[in-house]
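In: Just need the structure, nothing else, for what follows:
(one chain, ligands or ions: 1)
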Amino acid sequence: MAIFNLDLPTQVTGLSLSSPEQLAGELAITVANALRAAIEARGSAVLVVSGGRSPITFFERLCGQTLDWSKVTISLADERFVPVRHADSNEGLVRHHLLKGEAASARFLGLYHSAPSLDEAARLAHVALAELGAIDVLVLGMGEDGHTASLFPGSPNLELALSADCERRCLPMQAPSVPRQRLTLTLPLLASAQLTLLAVQGQAKLATLAAALAGEDVSAMPIRAFLRRPLEIHWCP
Ligand SMILES: O=C1O[C@H](COP(=O)(O)O)[C@@H](O)[C@H](O)[C@H]1O
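Out: Reported below is the predicted structural model:
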């Protein structure tokens with residue numbers, strides 16, 4: 001299928017939106033529909049979202065969706081090793097922009113733990129994530145280097161985090177930009193999601209996607225691991 005002038009593999013679909021606002025609105029509707037379906041089928045739903053700066057409008061639209069938020073558990077694909085009140089905290093972002101109004105009744109399972117080291121924080125997150133349950137919806141972002149979640153090219157632990165038999169749910173990672181200390185869900189847990197959505201904004205990230213589609217090495221561009229699976233891309237300029 002050809003979208004955004006890219007030839008996508010058959011398991012990958014793409015939606016081209018005209019603006020960040022339209023992307024946020026469409027993504028919020030898609031996620032809310034999937035959460036409602038999971039609640040209908042199982043009585044509860046699990047949503048995993050990404051951090052960074054681009055999801056803010058999406059979070060603001062999602063929390064306005066009508067559904068039984070008390071039956072939803074929300075967690076993060078990745079986190080920065082900073083306290084929740086820090087400007088770079090993904091948990092802080094979710095608490096400020098998503099867990100409000102009706103959505104405040106959702107259960108939130110964060111990755112950050114106040115621990116003496118990043119390794120210990122990742123171990124505590126691994127233990128806490130045993131309570132997450134099966135992921136219904138995963139919303140990924142992507143950096144211009146082809147990282148997604150905090151699966152950064154060149155980071156120690158990347159090979160382990162990407163391996164199909166990795167038994168850790170969360171691993172410590174190193175980012176090329178500050179804050180460098182990160183926590184990421186590992187590929188087996190992320191790839192277990194029923195529905196995986198990738199939100200991408202701008203021409204530079206479109207070029208990143210094109211480069212990812214043109215090669216094979218997952219360690220060089222970890223987003224490639226998700227382009228091999230069913231994935232719905234939402235893109236806007
Ligand atoms: O560092 C991160 O970067 C990516 C992309 O963030 P964006 O603000 O450029 O969309 C994000 O998906 C990831 O969760 C975040 O920690």
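
In: roughly how far is the helix or strand where residue 123 lies from the heart of the chain?
Out: In the assignment (DSSP states H and E), residue 123 maps to helix 118-128. Here helix 118-128 shows a centroid-to-chain-centroid distance of 18 Å under the convention C-alpha atoms, centre = their mean, to the nearest Å.

In: same question, stretch 5-19
Out: Centroid displacement of stretch 5-19 relative to its chain, using C-alpha atoms, centre = their mean, is 18 Å.

In: that older thread, helices and strands around the helix or strand just after the helix holding residue 123, which ones?
Out: Sequence order places strand 137-140 as the next helix or strand after helix 118-128, per DSSP H and E. Strand 137-140 sits against helix 20-42, strand 45-49, strand 195-201, with contacts defined as 3 or more C-beta pairs under 8 Å, 6 or more residues apart in numbering; DSSP states H and E. (Glycine included, C-beta is placed from N, CA and C.)

In: Tell me which of these is the most buried.
Out: strand 45-49 (a mean of 25; mean count of other C-beta atoms under 10 Å).

In: Output the helices and strands packed on strand 137-140 as JSON lines; include the columns distance to the ligand.
Out: Listed next are those as JSON lines, based on distance: least, C-beta to the nearest ligand atom, whole Å:
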{"stretch": "helix 20-42", "distance to the ligand": "11"}
{"stretch": "strand 45-49", "distance to the ligand": "8"}
{"stretch": "strand 195-201", "distance to the ligand": "7"}
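
In: Same list (the ones you listed) but as JSON lines, adding mean pLDDT.
Out: Shown next, in JSON lines, are the helices and strands packed on strand 137-140 (pLDDT from 0 to 100):
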{"stretch": "helix 20-42", "mean pLDDT": "98"}
{"stretch": "strand 45-49", "mean pLDDT": "98"}
{"stretch": "strand 195-201", "mean pLDDT": "98"}
